[in-house]
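*Asks:* Generate a structure from the sequence data that follows.
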Amino acid sequence: MNERITTAGVAVKDGKVLVAHRVKGGALSGKWEFPGGKQRWGESDEDTLKREYKEELSVDIRMGECLTSFDFINNDTVYHLRAYLIEILSDEFCLAVHTEARWVGPDELLSLEMGDSDNQIRSRVVSLLLKREG
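*Replies:* Purely as a prediction, here's the structure:
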């Protein structure tokens, strides 16, 4: 079985989190996600997230702490996913693999159709947002 490291960036601002809606076709077709992606050989988690956010949304980011990590299997590959809190350094998005990117609160986040791995991140993110509200 193959193994891959993958990352996701969780940007939180004013009690909301950034999510993006994938274009139809390919992985996560038509679902919402926390942007990120697969690590290339020799990349650090930070390098991967910076590259993915630049490629997918045309924005620069600043890395924060690891929010959650877990493993999952998809198509005979074990993925080691690590989700990090990030800061987006621009508000101007240019979408490459998404139809929409938007800031959502906990209630809306819970209503979105997401992939299985993003669902696991979502539960941690909702707890974080509600903790910050209270």
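*Asks:* Just list the residues touching the spatially most central residue of the chain, thanks.
*Replies:* Nearest to the mean C-alpha position of the chain, by C-alpha atoms, centre = their mean, lies F34 at 2.3 Å. F34 sits next to 8-10, 17-20, 83, 118, 121-122, 125 when contact means C-beta atoms under 8 Å, 6 or more residues apart in numbering. All C-beta spots, glycine's among them, are computed from the backbone N, C-alpha and C.
*Asks:* Of those, just say which sits nearest to I61.
*Replies:* Closest to I61 out of the contacts of F34 is G9 (6.2 Å), distances taken as C-beta to C-beta.
*Asks:* which residues touch the closest residue to the closest one other than its chain neighbours?
*Replies:* The spatial neighbour of G9 that comes closest, neighbours along the chain excluded (C-beta to C-beta, 6 or more residues apart in numbering), is I86 at 4.1 Å. By C-beta under 8 Å, 6+ apart, the residues touching I86 are 9-11, 49, 53, 61-64.
*Asks:* For the nearest residue in space to V97 that is not next to it in sequence, give me phi and psi.
*Replies:* Excluding its sequence neighbours, the residue lying closest to V97 (C-beta to C-beta, 6+ apart) is E56, at 5.4 Å. Phi and psi for E56, reported as degrees, to the nearest 10, are phi -90, psi -40.
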